[in-house]
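Colleague: just to be clear, the model below is a prediction. Sequence and coordinates:
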Amino acid sequence: MLVQDYLIHSAAAHGEKIAVVHGNVRVPYSRLLTCAGQVAARLTDQDLIPGDRVAILTDEPVHYIASYFGILQAGGIVVGLNTQTSERSLDTVLSDCGASQVLISGRCRTYGKYIRSHPSVRALTDIETLLADSSYRLVPDNQFNRGTEPRDIAQIIYTSGTTGQPKGVMLSHANLVANTNSILEYMHLTDRDSIMAVLPFFYSYGSSVMLSHIAAGGKMVVNQSFLYPNVILQQMIEEQVTGLSGVPSTFAILLHRSAARDFSFPHLRYLTQAGAAMSPKLAGRLAEVFPGVDIYIMYGQTEAAPRLSYLPPAYLLKKPGSIGKAIPGVTLEVLREDGCTVGIREVGEIVASGENIMAGYWQRPEETKAVLRNGKLWTGDLAYADEDGFLYIVSRKSDLIKCGSHRIAPKEIEEIIHEVEAVHEVAVVGVEDEILGENIHAFVVLKPGHAASEKDIVRYCRRNLPAFKVPHKVIMRDELPKTSSGKIKKGDLQS
């Protein structure tokens, strides 16, 4: 089975059923499939070769979904671009993956001129204009059988690495299908389900939500702006939403900055949380505010397409802080560095195996070898298992900052700040925040005789980094705490 088959099958079974709701737009499955066919036709007309990387840059969810499946129908590889970007960030990803075509729409059109001039890009297509073109309207869904096999790469998702340079996670059709089918099984998703989709689809968690609901034939109510949480809650009631997926900051906002306690959700069946650890305290509050709603605590990585484990709702309060056990089709072990299994409650690294494990990092064989050993994914997460086999994460090997739904490499921000002439040293750390999970704090030491203010540093970051990577706070220091060997003690800066 190929990923695009999910849309083809759901359109055949639920043709006029609404697939996507976004604002006043309501798109049925039949129309969504037609739109995907239009995209596939245009890409093919523009000489797409199977295996070509095609990037999507749009904040319009219907355009994203149609582009996603259209690229796959045409035999291409999807590369979803973060909409909170910069020319510098776009150059990094487009150059790395060698995208031959880019699909763009919405507010992201402001980057059109830059993308059109990029050396790897042969064609830039405005999705909205394309879908309004009647000459591309009627395209048989079986026209684009271009010899794709389940082991072929379907998608590359870029994720921050500890080096600061994003790595392209290669996910095959088989990887994505295996993970999606597993999620359908343990979540008991059917065509009667509908999701409030607040996570961006270019993000692995958001992409998984999209695929699982297209596969189930369910409805996606999309509102990816959390500025007005009460509006989202009201929409959940009006659309009879059965599920809500989010990261810890999503639910922290609902608990602390919305009137969730004053609403009633008669159709809500479940909540799912992933993307970062959720504190037992926050989980307990959620159970109080959403009584009778199943709450799934989940764990995964982009490299696993992305789900690896879940805590069944019945164990939410019985196993506080646990990420549960492996999802169907996945095996999780806790191993020492030598590959031996640890004892009960002994800390080791989580190692995963299954059909969902990535094919590797795009054009990074050495980094691939470091995490894929004998077909198993060494996650970099340190954890232990209790007497019942439930897993508990202790820490990560890397120092990635988990801010909202983003994974941010401190080194990337540090390198940008180092470009400021007055800067001598800088250390960027994540500091605990109740809403975002972690805030980005930059500690800066200036060169003797040089001057720069906190605002100067922030302004430079805004010019050269996506908005979500700009430090929330810049703190000037005379010196940074260090070990005897001269290594910066970041732990001291986080306290």
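Modeller: Sure thing, it's come through.

Colleague: now do the residue nearest the centre of the chain against residue 234, distance only.
Modeller: The C-alpha lying nearest the average C-alpha coordinate of the chain belongs to residue 203 (Cα atoms, centre = their mean; 2.3 Å). Computed as Cβ to Cβ, to the nearest Å, the residue 203 to residue 234 distance reads 25 Å. From N, CA and C alone the C-beta is placed, and that goes for glycine too.

Colleague: where exactly do the strands run in the stretch 351-495 of the chain?
Modeller: For the stretch 351-495 of the chain, the strands defined by DSSP state E, counting those that start in this stretch cover 360-361, 372-373, 376-385, 391-396, 401-403, 406-408, 423-433, 437-446, 473-476.

Colleague: residue 155: what secondary structure?
Modeller: strand (DSSP: H, G, I helix; E, B strand; the rest coil).

Colleague: and of the strands of the stretch 351-495 of the chain, who's closest to residue 458?
Modeller: Judged by Cβ to Cβ, the one of those that comes nearest to residue 458 is strand 473-476, at 5.9 Å.

Colleague: mind listing what that closest one pairs with, with the direction of each?
Modeller: As defined by DSSP bridges, the strand partners of strand 473-476 come to strand 437-446 (parallel).

Colleague: and the average pLDDT for stretch 118-131 is what?
Modeller: The average pLDDT for stretch 118-131 rounds to 97.

Colleague: my bad, should have said stretch 74-82
Modeller: Taken as a whole, stretch 74-82 has an average pLDDT of 96.

Colleague: end to end on it, go ahead and measure it.
Modeller: 22 Å (Cα to Cα, to the nearest Å).

Colleague: so in terms of bridging, what pairs with residue 219?
Modeller: For residue 219, the residues forming beta bridges with it (DSSP bridges) are residue 194.

Colleague: how many neighbours does the nearest residue to residue 473 once chain neighbours are set aside have?
Modeller: Leaving aside its sequence neighbours, residue 473 sits nearest to residue 441 (Cβ to Cβ, 6 or more residues apart in numbering; 4.9 Å). Residue crowding around residue 441 was assessed by other Cβ atoms under 10 Å; the count is 19.

Colleague: show me what contacts residue 441?
Modeller: 428, 429, 430, 431, 471, 472, 473, 474, 475, 493 (Cβ atoms under 8 Å, 6 or more residues apart in numbering).

Colleague: hey, what's it bridged with?
Modeller: Here residue 441 sits in beta bridges with residue 429, residue 473, as judged by DSSP bridges.

Colleague: the host helix or strand of residue 114 packs against which elements?
Modeller: Counting by DSSP states H and E, the secondary-structure element that holds residue 114 is helix 112-116. Contact partners of helix 112-116 among helices and strands, from 3 or more Cβ pairs under 8 Å, 6 or more residues apart in numbering; DSSP states H and E: helix 87-97, strand 101-104, strand 123-126.

Colleague: now distance to residue 116 and mean neighbour count too, for those, in TSV please.
Modeller: Formatted as TSV, the helices and strands packed on helix 112-116 follow (distance: least, Cβ to Cβ, whole Å; neighbours: other Cβ atoms under 10 Å):
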stretch	distance to residue 116	mean neighbour count
helix 87-97	11	18
strand 101-104	8	26
strand 123-126	5	18
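
Colleague: of all those, which one is nearest residue 330?
Modeller: Residue 330 sits nearest to helix 87-97 of all the helices and strands packed on helix 112-116, at 27.1 Å, using Cβ to Cβ.

Colleague: which other helices and strands contact the closest one?
Modeller: Using 3+ Cβ pairs under 8 Å, 6+ apart, the elements in contact with helix 87-97 are strand 53-57, helix 112-116, strand 153-159, strand 167-172.

Colleague: follow-up on the earlier one: buried residues in the helix holding residue 114, which are they?
Modeller: Using 16 or more other Cβ atoms under 10 Å as the burial criterion, the residues of helix 112-116 that qualify are residue 115.

Colleague: what of stretch 391-407?
Modeller: By 16+ other Cβ under 10 Å, the buried positions in stretch 391-407 come out as 391, 392, 393, 399, 400, 401, 402, 403, 404, 405, 406, 407.
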